[in-house]
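Colleague: I'll drop the sequence and a predicted model, then ask my questions.
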Amino acid sequence: MNSPKVEIRLKKPVQSKEKIIIGVNEIPFPTAIFFNETRKIILNKFGYKVLGLKDNEDFDLESWKSKNNSFIDIISNRKENIISNQKAHIVLPNGKHEFMSFSMTHVENLYLGNIYIINFTKSTEKYTVSSLSSLYNIQNEISQLKPYLNRAGKNKIDSLMKKHFRDESQQLTLDDIVYYKKELRKIQQAFPSLSHREVILCGLLVNDMETKNIASITNRTVDSIFVTIHRINKKLNFLNKKDLMDNLKEVVFSKEKTVIN
């Protein structure tokens, strides 16, 4: 018995005895169809929702490429026409950072050229303050190798740093981290007088991140970080940074829910 042919239509599907025909919006998961020759992207209704776009909103391909070079590299450097269950760090059109799980198939069409059909969804993985701390510590250690490398090696490291750590305009926002982090919500609950900026600083401090790395992530100067720490200590009546750290760790890593008025 031959397998039935499946046809995906962009508009309202029609009936056929020879094919199974479905509309793009009937695909039950977020889907993007990319037409390479025309550089056009079609999203179904689930795709718009996951990417934070309004229905039928134009997809800015050039802006997407500039923010998501690593994802484009995965697609471009594929060895097979089918990619299954991959994960990538994505910057959404609204600037939010997400981990996406995706699968893709590449189809060559006589009339439409190269077509890429991509199914994607948000991964359950989220940024954690501790993982960010580890990443930026690794960044510092790699940077220390530069004096021992030739020009080609230094250029390669610079390229990798720019690819994986991105530039200042694409740094994680405070909302990106505060929204996802359980430990930061604990800090917010324990110290309701703190602003979001102060909460995120406390979350980074409690995971033993160095001040210069905090400055890098939050796009601030080292001096401004010290000023904020001083302001937090004054607001919460802590003696110094060590006193602040001890209290933060008690709140974050305690099994009991701690609330301090």
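Modeller: Right, received. Where do you want to start?

Colleague: For the rest of this, base every contact and every neighbour count on C-alpha atoms.
Modeller: Will do.

Colleague: May I see the buried residues of stretch 42-52?
Modeller: For stretch 42-52, burial by neighbour count (16 or more other C-alpha atoms under 10 Å) applies to 42-48, 50-51.

Colleague: Need those residues in JSON lines (columns: distance to residue 153).
Modeller: Formatted as JSON lines, those follow (distance: C-alpha to C-alpha, whole Å):
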{"residue": "42", "distance to residue 153": "40"}
{"residue": "43", "distance to residue 153": "40"}
{"residue": "44", "distance to residue 153": "43"}
{"residue": "45", "distance to residue 153": "45"}
{"residue": "46", "distance to residue 153": "43"}
{"residue": "47", "distance to residue 153": "40"}
{"residue": "48", "distance to residue 153": "41"}
{"residue": "50", "distance to residue 153": "39"}
{"residue": "51", "distance to residue 153": "36"}
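
Colleague: Restricted to helices, list those residues.
Modeller: Applying DSSP state H to these, the entries found in helices are 45-48, 50.

Colleague: Which of the residues you listed sits closest to residue 29?
Modeller: The closest of these to residue 29 turns out to be residue 46 (C-alpha to C-alpha; 6.1 Å).

Colleague: can you pull the contacts of the closest one?
Modeller: By C-alpha atoms under 8 Å, 6 or more residues apart in numbering, residue 46 lies in contact with 25, 28-31.

Colleague: Can I get the buried part of these as one ChimeraX selection?
Modeller: Buried residues among the contacts of residue 46 (16+ other C-alpha under 10 Å), as a ChimeraX selection:
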select :25,29,30,31
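
Colleague: Now do the strands in this protein.
Modeller: With strands called from DSSP state E, the chain shows them at 5-9, 19-23, 31-35, 40-43, 82-91, 97-109, 113-122.

Colleague: isn't residue 251 right up against residue 186?
Modeller: Yes - judged on C-alpha atoms under 8 Å, residue 251 makes contact with residue 186 at a distance of 6.9 Å.

Colleague: Show me the shaky parts of the protein.
Modeller: In the prediction, the chain carries residues with pLDDT under 70 at positions 1-20, 70, 124-137, 162-181, 217, 219, 255-261.

Colleague: Mind doing that once more with 50?
Modeller: Within the chain, the segments meeting pLDDT under 50 span 1-4, 125, 168-170, 174, 178-180, 256-261.

Colleague: Map the structural domains onto the sequence of it.
Modeller: Domain segmentation of the chain under automatic domain parsing yields 5-122, 129-253.

Colleague: mind listing the helices for the stretch 51-200 of the chain?
Modeller: Here the stretch 51-200 of the chain has its helices, by DSSP state H, counting those that start in this stretch, at 61-67, 69-76, 129-143, 151-165, 174-180, 182-190, 196-206.

Colleague: between the second one and strand 97-109, how many degrees?
Modeller: Between helix 69-76 and strand 97-109, the angle comes out at 30 degrees (axes from the mean of the first three to the mean of the last three C-alpha atoms, to 10 degrees).

Colleague: what's the angle from helix 69-76 to helix 151-165?
Modeller: 100 degrees.

Colleague: by contact count, what packs against helix 69-76?
Modeller: strand 82-91, helix 151-165 (3 or more C-alpha pairs under 8 Å, 6 or more residues apart in numbering; DSSP states H and E).

Colleague: Can you check what angle separates that helix from strand 82-91?
Modeller: Calculated by the same axes, to 10 degrees, helix 69-76 forms an angle of 170 degrees with strand 82-91.
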